[in-house]
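Undergrad: Fold the following and give me the result.
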Amino acid sequence: MLYSIVIFDEPDTAELRDIHRKAHLDYLKAFDAQTLFAGPFTTDDESADLGSLRLIDFPDLAAVENHIADEPYVTGGVQKRWIINRWRPSVANTWRDCPRTQGNIQALFHAIDGPDGSAIRSQNRDAHEAYLEDHADTVIVRGPLLDASGENGIGSVLLLDIPDMDTARAFMENEPFYRAGCYADITFHRWRFGRVFDRFKV
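TA: Here you go, the predicted model:
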């Protein structure tokens, strides 16, 4: 099963992050084969890391929870809060083959639907799909967050390849689900590829 994991850094833990960074990277290396995407989200100017995203394959929720419990940033006190959801990709890209434009930055949009999310999704689905298809060169990967059954969409994850964060925000303001008020709990930040991949820096 595919899962989206968003883990938030605690305030004022930059020094702790540096202390545990090597252990964190070594830990993630063991999960390369099952990782679709992984990396930290940051402030707009990349001066501080705020947390991390993983789109990753695990057999069940218990395996995800064990993965997080053993994460060095978690055991080291850098991260104490997370959001786990089942996830279904709408685009088949991974970090190994995703489209990117040299000179662009990346952005993470992660959002949980509000109370009217299901109705808004139904009413705007065609427009949503058409908009994202028209901007396929901007979207690295995307897909709905799912409820525990894996059947119903309850949110969205998008990774964008974009010139800057102002452009990323304008892009999402015109996205039909967003524009119609689908989302209530939004995480929207600059993002970068983690240890698993950055072909423009190798």
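Undergrad: shaky segments in the protein?
TA: The model of the chain has pLDDT under 70 over residues 195-202.
Undergrad: all helices in it, in order from the N-terminus.
TA: Ranges of helices in the chain, per DSSP state H, are 14-29, 61-69, 72-75, 117-134, 165-173, 176-179.
Undergrad: elements contacting the longest one?
TA: Secondary structure elements in contact with helix 117-134, counted by 3 or more C-beta pairs under 8 Å, 6 or more residues apart in numbering; DSSP states H and E, are strand 153-162, helix 176-179. All C-beta spots, glycine's among them, are computed from the backbone N, C-alpha and C.
Undergrad: go on, the third one?
TA: Of the remaining helices and strands, those touching helix 72-75 by 3+ C-beta pairs under 8 Å, 6+ apart are strand 2-9, helix 14-29.
Undergrad: From the chain's centre, how far out is it? Work that out for me.
TA: Relative to its chain's centre, helix 72-75 lies at 19 Å (C-alpha atoms, centre = their mean, to the nearest Å).
Undergrad: For that helix, buried residues please.
TA: Residues 72, 73, 74 are the ones in helix 72-75 that count as buried (16 or more other C-beta atoms under 10 Å).
Undergrad: Could you pull up the contacting residues of the last one?
TA: Contact analysis of residue 74 by C-beta atoms under 8 Å, 6 or more residues apart in numbering lists 7, 68, 80.
Undergrad: Out of these, who's the most crowded?
TA: Within the contacts of residue 74, neighbour counts (other C-beta atoms under 10 Å) peak at residue 7, which reaches 21 neighbours.
Undergrad: Tell me who's in contact with it.
TA: 51, 52, 54, 68, 71, 73, 74, 79, 81, 82.
Undergrad: now do residue 42
TA: Residue 42 is in contact with 48, 49, 50, 189, 190, 191, 192, counting by C-beta under 8 Å, 6+ apart.
Undergrad: Mind putting those into TSV with distance to residue 87 and neighbour count?
TA: Listed next are these as TSV, based on distance: C-beta to C-beta, whole Å; neighbours: other C-beta atoms under 10 Å:
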residue	distance to residue 87	neighbour count
48	26	12
49	22	21
50	20	16
189	18	19
190	21	21
191	16	26
192	20	16
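Undergrad: how is the protein carved up into domains?
TA: By the assignment in automatic domain parsing, the chain contains the domains 2-87, 105-191.
Undergrad: got JSON lines for those domains, with distance to residue 93 too?
TA: JSON lines is the format used below for the domains of the chain (distance: least, C-beta to C-beta, whole Å):
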{"stretch": "domain 2-87", "distance to residue 93": "8"}
{"stretch": "domain 105-191", "distance to residue 93": "5"}
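Undergrad: right, so of the ones you listed, which gets closest to residue 96?
TA: Between residue 96 and the domains of the chain, the shortest separation by C-beta to C-beta is 9.0 Å, and it involves domain 2-87.
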